[in-house]
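Novice: The sequence and its predicted three-dimensional model are supplied below.
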Amino acid sequence: MANTPLLTRRQALIALSSLPFLPARNLFAATENRMRGALMILSTPYTEAGEVDHEDLAKEVQFCARCGVQGLVWPQNSSEQRYLSQEERIRGFEVLAEANRGTGMVLVLGVQAEDTAGMLEYAAIAEGLEPDGMIAIPPTTAQSLSDIRDY
């Protein structure tokens with residue numbers, strides 16, 4: 001039995017020659033912002049004065065992009081998120097959203113708080129920056145699975 005090709009060489013060339021006329025957005029939409037691979041939890045850098053170094057935080061994005069990382073997550077426990085003020089976290093969200101624009105990496109922002117109202121407030125702010133995802137660590141005040149579900 002001979003293997004018969006699905007397309008003749010001529011048909012394949014005609015099909016390939018029409019690719020430049022297809023809208024690129026539709027062609028690659030399924031591969032944009034893939035939520036898989038290595039997603040790095042970024043560290044929170046500080047100045048010598050003990051303030052969050054937002055310029056250095058943006059440089060972490062550039063470093064991860066050069067290393068081929070697929071995505072970034074900030075802030076989480078290893079980012080010292082519990083010690084960041086609301087202003088520091090929001091500014092960090094903004095810095096990362098801007099620095100990550102055009103890198104091809106996904107951005108996941110940590111919106112955890114000590115209560116549901118606080119988490120929803122962070123989530124609303126994050127949503128305005130259009131991250132690829134959000135993550136929320138359950139609050140330390142949770143006493144039961146029901147508390148975690150409610151959160």
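Specialist: Received, thanks. Residues are numbered from 1 along each chain as shown.
Novice: so where do the helices sit in this protein?
Specialist: Ranges of helices within the chain are 9-17, 24-28, 54-66, 86-100, 116-128, 145-150, based on DSSP state H.
Novice: Report the buried residues of the fourth one.
Specialist: This means helix 86-100. E88, R89, I90, G92, F93, V95, L96, A97, A99, N100 (16 or more other C-beta atoms under 10 Å). C-betas here are computed from N, CA, C, even on glycine.
Novice: What would that helix look like as CSV? C-alpha coordinates only.
Specialist: Taking Å, rounded to 0.1, in the frame of the first residue of the first chain, the C-alpha atoms of helix 86-100 are listed here in CSV:
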residue,chain,number,x,y,z
GLN,A,86,-1.2,48.5,50.5
GLU,A,87,0.5,51.3,48.6
GLU,A,88,3.7,49.2,48.1
ARG,A,89,1.6,46.3,46.7
ILE,A,90,-0.5,48.5,44.4
ARG,A,91,2.6,50.3,43.1
GLY,A,92,4.3,46.9,42.6
PHE,A,93,1.3,45.7,40.6
GLU,A,94,1.5,48.8,38.4
VAL,A,95,5.3,48.5,37.9
LEU,A,96,5.1,44.8,37.0
ALA,A,97,2.1,45.3,34.6
GLU,A,98,4.1,48.0,32.7
ALA,A,99,7.4,46.2,32.8
ASN,A,100,5.9,42.9,31.6
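Novice: Mind listing residues that contact that helix?
Specialist: Helix 86-100 has contacts (C-beta atoms under 8 Å, 6 or more residues apart in numbering) with 42, 44, 52, 54, 57-58, 61-62, 72, 74-75, 81, 84, 107, 109, 122, 125-126, 129-131.
Novice: one step back: confidence-wise, which of the helices of the chain is weakest overall?
Specialist: Here these differ in mean pLDDT, and the lowest is helix 24-28 at a mean of 44.
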